[in-house]
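Student: I'll drop the sequence and a predicted model, then ask my questions.
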Amino acid sequence: MSEWWRSAVFYEIYVRSFADADGDGIGDLEGIRSRLPYLRELGVGAVWLTPFYPSPGADHGYDVADYVDVDPLFGSLADFGALVADAHGLGLRIVLDIVPNHTSSEHPWFRNAIADPEHADRARYMFRPGRNGGPPNGWTSAFGGPAWTLDEKTGDYYLHFFTPEQPDLDWHNETVQRDFEDVLRFWLDRGVDGFRIDVAHALFKDQDLPEMVEPVPRTWNGDWLVALDQPELHSLYRRWRKLADEYSGERMYVGEIVLADQNTVARYVRPDELQLAFNFAFLNEAWDAESMRPMIDRTRTALDAVGASATWVLENHDVMRLPTRYGGGEDGRRRARAAALLLLALPGAVFLYAGQELGLEEAAIPDELRQDPIFLRTLGERTGRDGCRVPIPWTGEAPGFGFTTGSPWLPVPASWADVSVTAQELEDGSSLALHRRALALRGESEALRMGSFVWLESPAGALVFARAAAGETVVCAVNVEAEPFELPDGDLLLASELGGSRELPPGSAIWLRREEKRR
Ligand code: NOJ
């Protein structure tokens with residue numbers, strides 16, 4: 001077994017925003033298929049597609065109305081087949097996003113549940129009687145407002161972790177469990193290489209619906225976190241793992257486990273459960289070497305203890321773009337480039353988000369064009385995630401920027417003409433060129449992919465470590481916020497800044513190679 005996922009570089013595609021083949025302003029499967037050669041050249045190994053199933057779009061596809069089809073907005077099952085075949089032909093794996101925590105309120109199961117309180121499908125959801133003239137408890141939705149909505153016909157409430165259009169399934173219901181196994185098989189039979197599991201730590205709720213004891217932790221589902229991360233999940237994932245292992249080709253799962261404690265996360269990636277879990281603790285770190293170093297150590301210690309690989313993620317479709325998070329402007333862009341070399345040198349799997357390789361910044365979007373339910377439900381109190389979901393600028397021609405021949409579903413900033421793929425392809429020092437080079441070097445270097453890891457001495461405010469395998473050592477030195485410092489020995493492999501100084505300025509990183517293994 002190659003266990004390919006252990007050091008794979010995954011590339012997340014937000015399907016609406018990648019490439020639009022039919023000119024309606026919304027990305028689609030054919031668009032993605034036409035851009036597979038770009039991904040191949042970039043050097044990633046697997047592609048994670050966000051949900052493209054039939055959906056009313058209350059949360060842009062994370063409200064699924066049919067788990068075993070393609071929304072006509074994005075194409076057809078035949079298009080999906082063609083995409084998988086082409087991807088595999090190019091050596092790219094395809095990972096689907098599965099959304100088991102909730103369905104759309106337009107899913108036939110929920111429609112039945114609402115239309116007829118006696119219908120068997122009602123038991124698939126979390127309908128509960130109210131308390132003291134209000135909802136069953138005080139949980140709030142991660143997207144603002146209460147987590148319970150009244151079913152006027154019966155006076156009961158149903159639970160929704162997210163919007164009311166995303167009713168939570170009751171995973172204690174065995175029919176739900178059985179049906180999802182069929183869903184997994186449906187896609188595995190169509191050749192997918194794995195699944196990203198949406199809110200994978202949340203499917204089962206504590207049946208007592210306990211209220212959180214103050215203080216509420218600072219997480220997006222803080223006030224009912226106490227009811228999640230239930231023991232039943234582990235037997236579920238063991239069954240899912242067995243199911244995937246029945247197929248040839250090493251199919252895998254990566255869980256969206258939004259829990260800060262790496263030891264708890266590690267329980268989900270024990271040898272017979274999921275293969276990977278996103279490392280949100282790393283993503284949430286500021287650009288600060290003194291907090292990143294112990295976080296990297298905590299992650300490695302926790303995952304090593306169960307024999308799992310760590311994952312390193314800095315962007316996805318739910319968080320602000322990295323250069324903006326790291327301070328914005330020139331500083332933010334430099335730090336993001338340095339972070340790319342850090343990310344791709346750490347031991348484990350890496351997840352990149354489409355546009356990260358271009359160094360895209362968070363886009364400013366006028367309020368009247370914002371579409372994220374987080375913005376709409378909190379009446380603008382939280383700006384939401386549209387700014388990181390703006391379509392990819394393939395060329396410099398407004399308004400479609402090579403993404404669409406029509407009008408993009410979110411406006412692409414005029415300034416992105418300068419950072420389009422075509423613009424960056426012409427520039428040696430571009431973010432795209434840096435990512436291509438780093439990925440190519442990682443592909444060639446066993447040390448970078450699978451090598452041992454050791455911290456080297458470095459000044460405060462810097463991260464310096466070595467990866468070694470097969471007689472090769474690669475040193476990664478990142479000056480986060482230290483005084484410029486002299487580089488360790490080694491031949492230059494790649495630097496986040498052009499220029500050849502022996503000193504590493506703040507906000508920059510470098511990879512060096514040493515012929516012989518040294519500590
Ligand atoms: C997590 C997904 O990443 C996010 O985009 C979505 O809104 C929620 N889960 C609900 O499915």
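Tutor: Nice, thanks for sending it over.
Student: Tell me how many other residues crowd A340.
Tutor: 25 (other Cβ atoms under 10 Å). To be clear about C-beta, it is placed using only N, CA and C from the backbone, and glycine gets the same treatment.
Student: and it, what helix or strand is that in?
Tutor: helix 329-343 (DSSP states H and E).
Student: Show residues contacting that helix.
Tutor: Residues from elsewhere that reach helix 329-343 (Cβ atoms under 8 Å, 6 or more residues apart in numbering): 287, 312, 314, 322-327, 350, 356-357, 359, 361, 431, 434-435, 438, 463, 476, 478-480, 494, 496-497, 507-511.
Student: Take these and keep only those in helices.
Tutor: Using DSSP state H, the subset of the contacts of helix 329-343 located in helices is 322-325, 431, 434-435, 438.
Student: Of those - the most surrounded one?
Tutor: L322 (27 neighbours).
Student: Residue numbers of the chain in contact with the ligand?
Tutor: Proximity of the chain to the ligand, by Cβ under 6 Å from any ligand atom, involves residues 59, 62, 99, 162, 198-199, 256, 317-318.
Student: try 5 Å this time
Tutor: Residues of the chain lying close to the ligand (Cβ under 5 Å from any ligand atom) are 59, 62, 162, 198, 318.
Student: Now do the same contact list for the residue in the stretch 201-350 of the chain positioned nearest to the ligand.
Tutor: In the stretch 201-350 of the chain, no residue comes nearer to the ligand than D318, which is 4.8 Å away by Cβ to the nearest ligand atom. Counting by Cβ under 8 Å, 6+ apart, D318 touches 385, 388.
Student: And E41, by the same measure?
Tutor: R436.
Student: in the helix or strand hosting it, what counts as buried?
Tutor: Per DSSP H and E: E41 is located in helix 36-42. Neighbour-count burial for helix 36-42, counted by 16 or more other Cβ atoms under 10 Å, picks out 36, 38-39, 42.
Student: closest to the ligand among those residues?
Tutor: Distances from the ligand to these, taken by Cβ to the nearest ligand atom, are shortest for L39, at 20.7 Å.
Student: Distance check, that closest one against L233.
Tutor: Distance, L39 to L233, by Cβ to Cβ, to the nearest Å: 32 Å.
Student: Tabulate the residues of the chain next to the ligand (a markdown table), appending distance to P459.
Tutor: Formatted as a markdown table, the residues of the chain next to the ligand follow (distance: Cβ to Cβ, whole Å):
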| residue | distance to P459 |
| --- | --- |
| D59 | 45 |
| Y62 | 44 |
| F162 | 45 |
| D198 | 41 |
| D318 | 34 |
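Student: ok, and the most crowded of these?
Tutor: In the residues of the chain next to the ligand, the most neighbours by other Cβ under 10 Å go to F162, 25 neighbours.
Student: Is the nearest residue to that one once chain neighbours are set aside part of a helix or strand, or is it coil?
Tutor: Nearest residue to F162, sequence neighbours excluded (Cβ to Cβ, 6 or more residues apart in numbering): F143, at 5.2 Å. Three-state call for F143 (DSSP: H, G, I helix; E, B strand; the rest coil): coil.
Student: Backbone dihedrals for F143, please?
Tutor: phi -110, psi 20 (degrees, to the nearest 10).
Student: for it, what are its contacts?
Tutor: 59, 162-163, 373-374, 377-378.
Student: would G307 count as being in a strand?
Tutor: No. Secondary structure of G307 (three-state DSSP): coil, not part of a strand.
Student: Can you say which helix or strand has whichever residue of the chain sits closest to the ligand in it?
Tutor: Nearest residue of the chain to the ligand (Cβ to the nearest ligand atom) works out as Y62 at 3.3 Å. Using DSSP H and E, Y62 sits in no helix or strand.
Student: Nearest spatial neighbour of L73, chain-adjacent residues omitted?
Tutor: I26 is the one closest to L73 (Cβ to Cβ, 6+ apart), at 6.0 Å.
Student: Kindly report the same for R321.
Tutor: E362 (4.3 Å).
Student: any idea of the pLDDT on F401?
Tutor: pLDDT for F401: 98.
Student: one step back: which phi and psi values does the residue nearest to R321 adopt?
Tutor: Given degrees, to the nearest 10, the pair of backbone angles that E362 has is phi -60, psi 130.
Student: show me what contacts it?
Tutor: E362 touches 320-321, 324-325, 387-388, counting by Cβ under 8 Å, 6+ apart.
Student: need the strands for the stretch 351-500 of the chain, in chain order.
Tutor: 452-455, 462-469, 472-479, 485-486, 491-495 (DSSP state E, counting those that start in this stretch).
Student: deepest of those strands, which one?
Tutor: Compared across the strands of the stretch 351-500 of the chain, strand 472-479 shows the largest average neighbour count, a mean of 24 (mean count of other Cβ atoms under 10 Å).
Student: As a markdown table, the buried residues of helix 36-42 with pLDDT and distance to E427 would be great.
Tutor: Converted to a markdown table, the buried residues of helix 36-42 look like this (pLDDT from 0 to 100; distance: Cβ to Cβ, whole Å):
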| residue | pLDDT | distance to E427 |
| --- | --- | --- |
| L36 | 98 | 23 |
| Y38 | 98 | 16 |
| L39 | 98 | 20 |
| L42 | 98 | 15 |
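Student: count of residues packed around A364?
Tutor: A364 has 11 nearby residues by other Cβ under 10 Å.
Student: got the contact list for it?
Tutor: 387, 413.
Student: Give me the neighbour count for the residue lying closest to R267 once chain neighbours are set aside.
Tutor: Nearest non-adjacent residue to R267, counting by Cβ to Cβ, 6+ apart: H234, 6.8 Å away. By other Cβ under 10 Å, 16 other residues sit near H234.
Student: and H234, what helix or strand is that in?
Tutor: Applying DSSP H and E, one finds H234 within helix 232-245.
Student: That helix: which residues count as buried?
Tutor: For helix 232-245, by 16+ other Cβ under 10 Å, it's 233-234, 236-237, 239-241, 244.
Student: can you put those residues in JSON lines and add pLDDT?
Tutor: Below are those laid out as JSON lines (pLDDT from 0 to 100):
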{"residue": "L233", "pLDDT": "98"}
{"residue": "H234", "pLDDT": "98"}
{"residue": "L236", "pLDDT": "98"}
{"residue": "Y237", "pLDDT": "98"}
{"residue": "R239", "pLDDT": "98"}
{"residue": "W240", "pLDDT": "98"}
{"residue": "R241", "pLDDT": "98"}
{"residue": "A244", "pLDDT": "98"}
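Student: Dump those residues to JSON lines, plus distance to R449.
Tutor: Output for the buried residues of helix 232-245, formatted as JSON lines (distance: Cβ to Cβ, whole Å):
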{"residue": "L233", "distance to R449": "30"}
{"residue": "H234", "distance to R449": "29"}
{"residue": "L236", "distance to R449": "31"}
{"residue": "Y237", "distance to R449": "26"}
{"residue": "R239", "distance to R449": "31"}
{"residue": "W240", "distance to R449": "27"}
{"residue": "R241", "distance to R449": "24"}
{"residue": "A244", "distance to R449": "23"}
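Student: Just grab the bridge partners of I197 for me.
Tutor: Going by DSSP bridges, I197 is paired in beta bridges with I98, G255.
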